Structures are given as structure tokens and as C-alpha cells.
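In: got a sequence here, can you model it:
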Amino acid sequence: MQWSLFLLILMGQCSFFTCHLNENHFIREGKTWDEAQSYCREHFTDLATVSDMRDMKRLTNPPQNTDAWIGLHSIPKIERSWHWSLPGLEFKESETDWQIDQPNNWATENCVGIIDKKWHDFTCDKEFQFICYDEPNQTYHCIVEGKNWIQAQSYCREHHTDLVSGITQIRSEEFKVQVDECHLKMEKSSNPSKDLWIGLFREIWSWSDGKNFSFRNWDPDSLEDEASKTCAMTTTQNGKWRSHTCTVEKPFYCYDDKVILIKENKTWDEALDYCRENYHDLVSITDRHQQRWVEKRAKMADTEFVWLGMRYTCTLDLWFWVSDRLVCYHNWATDELAECGMAAVMERDGEWYKKADNEKFNFICAI
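Out: Reported below is the predicted structural model:
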């Protein structure tokens, strides 16, 4: 009975427990973007990076009464690459449906639409109809009203989940049916067209800290001239982003990492003791957002794996975090059964494995 009660308490924590592996700091002193970057790197980790809408809400809470720099800046055209609008979804060159001779303009055509089920690159200011995706219900929604790509993305995020993204969604039968229905609606409209935006865009911006988060929160009514405005800021009206001249002095947001990679080889127990003596604890990962932050650290390890703060208990026959949380989120590479004396590791690619707790690896501490 006591164990049942204990499990119920742990399971209840899955629904409301959350923690963040980075902390934002608003600096009111006005600086140019380069000066702000130097300040953040000297006093914290870097200019603020935003990985998804939840991160965005944390950044602007409490809201500020001024524009402020974030860590996004324009990158040279030669370095630009394709990304999906849906955060966390990786674009793969081997999974595409480009029309022959597409994409054909690497310089200015940075957004993608479909014509007769094939992908074409366009300038992002064109106004097309588009298809939104609802993640909870796995449904597709045709929006016949013409919008530019950024406006379409903003509409989908406000009313659904995002613009349709990823080869799995685009090749699904449900999506194909929705495209056909969308074309029928468009033929009856005053401006018939077969062009539809999808959630694929060429990245012309990069984060100051080098992270590859593709999430963007641009003001849908603002398509700035990237040639002269190459640094990003939040705005006071709605927290959306605009580009601006980098030499203008503005307040800014810094972030401070709350995880640290220890490049020492220790057993799981030794790593746990080290983290608790010098920092806070071995790191716990409770959602996809935190997974991405820890994964960035794991890539820099000297060992193939790094210890996480998760262990298997034979008594309860379950995995648990040392922070006393049940494993609500996981990223296991396999479904192998756990054994006594096992603890969790993360490989450099982000997947989790079980290892005997007396093996020695680098590890990640929560600060």
C-alpha cells in the first residue's frame, strides 16, 4: 500500500512538474548588438536563444516596455540551409519532393510552396493559400485566404500547431486529401491558384551561441530589408521579432546555462556525488525542450556516452530520476529490458541507453 501511494505521488508529478535548464536575464543598459553579445558572453553564457513558443513566453515574462536585442543575426548566403517550421523537426536532403531544377534561386527564394505535389522555392513575400497541421488531433486544415509565408506560419501557430512540416506529414494520405479539397475551394474563389505554402524555409539567420534551433517568431506584418537590418530584436507591441540595424543601442536579453558537462570519467555513483558536492545534481530531463539543451552538451563530451541522473530500481521495477521524478519523457534508442545495477546514459546523438553503473563516462550536472 505504501509503494502504491508512493507511485501515485510520483505519477502525479508528471502532469505539473517543470524546470528549465537555462535562465534569462534582461539587461536595461543600451548597447549595440555586438556590444550586447560581448557583455552576455562575459557575464553569463550568450545572448538569448529561443527554441520554441514556451521559451518565448518565458523570455518576455515579465513583459518589458522597450525593444530588446536577442541572439539572432543574419548569416552569409553561402551558409544558408533548409529547415522545417515545426520546432525540433530535422530537415533531411534525402527526404524531399523537389520539382526538377528546384530549388533554383539560392539567393532570395527562401520559402517553399507546392504545385502539383512538387516543391518549388519562392520569395517569402508572395501571397499563397496554405495548410496548417494540428498535432494533438493529427488533422490538416486548408486556409484559402492568401498570406505571405510568415503570415501563414503565424496564423497556423495561433489557430493550430504549425504550417504542415516534415516528409511524414506531407506524404500522408490525409494531407493529399486535404490538398485536393483545398484546390477545389481555390477554384471557386476569386483568385484561383494551385500554389500552397508548406512549412519549409531557407534559414537566413543564426543564433549567437551556434545552436541550431529553427524556431522563429517574426512579426507577420514586417518583412524587413535583410541587407541593412541584420540583427533581431523583440518588440513591445506583441513580443514578436523584427530585424534592425545592429549598430543601434538597445537593451538586451542574456541567458545563463544551468547545465555543465564534466569531462572526467567517473562511475554513476561518483558522478552523482561530484554533482551534488560541486553543483546541484546529475541532470534530469523531463521534456523534449530540456532534451535539446542537454544534447548540445553531450556532443562535446570526450566519451561516447555521458551519465544522466536516471537509475533503475529493482524494488519498484521502474526508472526514476535522482530528482525524485518519474520518467514521464524519454528518448530511449531501444526497448531492451532494464536490469539491476543499470543507469541511463546519453550518446552524443542524443539517444539514451542503459549501462552498468560501474562503467566510467563523462557526465552532465545541473547547476
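In: outline the domain layout of the chain.
Out: Here the domain parsing of the chain from automatic domain parsing is 2-18+258-366, 22-75+204-256, 78-203.
In: columns mean neighbour count and mean pLDDT on top of those, output as JSON lines?
Out: Placement of C-beta: from N, CA and C, glycine included. As requested, the domains of the chain are exported to JSON lines (neighbours: other C-beta atoms under 10 Å; pLDDT from 0 to 100):
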{"stretch": "domain 2-18+258-366", "mean neighbour count": "17", "mean pLDDT": "82"}
{"stretch": "domain 22-75+204-256", "mean neighbour count": "18", "mean pLDDT": "86"}
{"stretch": "domain 78-203", "mean neighbour count": "17", "mean pLDDT": "87"}
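In: find the helix or strand that residue 242 is a member of.
Out: Using DSSP states H and E, the element containing residue 242 is strand 241-244.
In: only alpha carbons, please: show that strand as CSV.
Out: Provided in CSV are the C-alpha atoms of strand 241-244 (Å, rounded to 0.1, in the frame of the first residue of the first chain):
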residue,chain,number,x,y,z
TRP,A,241,10.5,39.9,-33.6
ARG,A,242,11.8,42.4,-36.1
SER,A,243,15.2,42.9,-37.7
HIS,A,244,17.1,46.1,-37.1
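In: ok now it, how far from the chain's centre?
Out: With C-alpha atoms, centre = their mean, to the nearest Å as the basis, strand 241-244 stands 20 Å off its chain's centre.
In: what packs against that strand?
Out: Contact partners of strand 241-244 among helices and strands, from 3 or more C-beta pairs under 8 Å, 6 or more residues apart in numbering; DSSP states H and E: strand 68-74, strand 231-234.
In: could you give the angle of the next helix or strand after it to strand 68-74?
Out: Next in sequence after strand 241-244, counting helices and strands by DSSP H and E, comes strand 250-257. Angle between the axes of strand 250-257 and strand 68-74 is 80 degrees (criterion: axes from the mean of the first three to the mean of the last three C-alpha atoms, to 10 degrees).
In: by contact count, what packs against strand 250-257?
Out: In terms of contacts (3+ C-beta pairs under 8 Å, 6+ apart), strand 250-257 is packed against strand 22-31, helix 33-43, strand 46-47, strand 68-74.
In: quick check: the gap between the closest residue to residue 249 other than its chain neighbours and residue 272.
Out: Nearest non-adjacent residue to residue 249, counting by C-beta to C-beta, 6 or more residues apart in numbering: residue 30, 3.8 Å away. Applying C-beta to C-beta, to the nearest Å, the value for residue 30 to residue 272 is 44 Å.
In: try residue 182
Out: For residue 182, the distance to residue 272 - C-beta to C-beta - is 54 Å.
In: next: residue 102.
Out: From residue 102 over to residue 272 (counting by C-beta to C-beta), the distance is 53 Å.
In: residue 367 and residue 261 touch, don't they?
Out: No: between residue 367 and residue 261 there is no contact, the gap being 11.4 Å when judged by C-beta atoms under 8 Å.
In: and the strands in the stretch 201-350 of the chain?
Out: Counting by DSSP state E, counting those that start in this stretch, the stretch 201-350 of the chain has these strands, from start to end: 205-207, 231-234, 241-244, 250-257, 259-266, 281-282, 305-313, 318-321, 342-347.
In: nearest to residue 157, of the ones you listed?
Out: strand 241-244 (13.2 Å; C-beta to C-beta).
In: which residues sit against that closest one?
Out: Strand 241-244 is contacted by residues 67, 70, 72, 74, 216-219, 222, 224, 226, 229-235, 250 when judged by C-beta atoms under 8 Å, 6 or more residues apart in numbering.
In: please repeat the previous calculation with a cut-off of 6 Å.
Out: Residues outside strand 241-244 that contact it (C-beta atoms under 6 Å, 6 or more residues apart in numbering): 217-219, 222, 224, 229, 231-233, 235.
In: farthest pair within the residues you listed?
Out: Every pair of the contacts of strand 241-244 checked by C-beta to C-beta; the farthest is 217 and 229, at 16.2 Å.
In: OK, contacts around residue 128?
Out: Counted by C-beta under 6 Å, 6+ apart, residue 128 has contacts 113, 195, 197.
In: over to residue 95?
Out: Contact analysis of residue 95 by C-beta under 6 Å, 6+ apart lists residue 167.
In: please report phi then psi for it.
Out: Per-residue torsions, residue 95: phi -120, psi 70 (degrees, to the nearest 10).
In: circling back: of all the helices and strands packed on strand 241-244, which one is nearest residue 57?
Out: Of these, nearest to residue 57 by C-beta to C-beta is strand 231-234, at 11.7 Å.
In: mind saving the C-alpha coords of the closest one as PDB?
Out: Output in PDB follows, covering the C-alpha atoms of strand 231-234 (Å, rounded to 0.1, in the frame of the first residue of the first chain):
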ATOM      1  CA  CYS A 231      20.100  41.700 -36.100                       C
ATOM      2  CA  ALA A 232      16.900  40.600 -34.400                       C
ATOM      3  CA  MET A 233      15.000  42.200 -31.500                       C
ATOM      4  CA  THR A 234      11.800  41.600 -29.600                       C
END
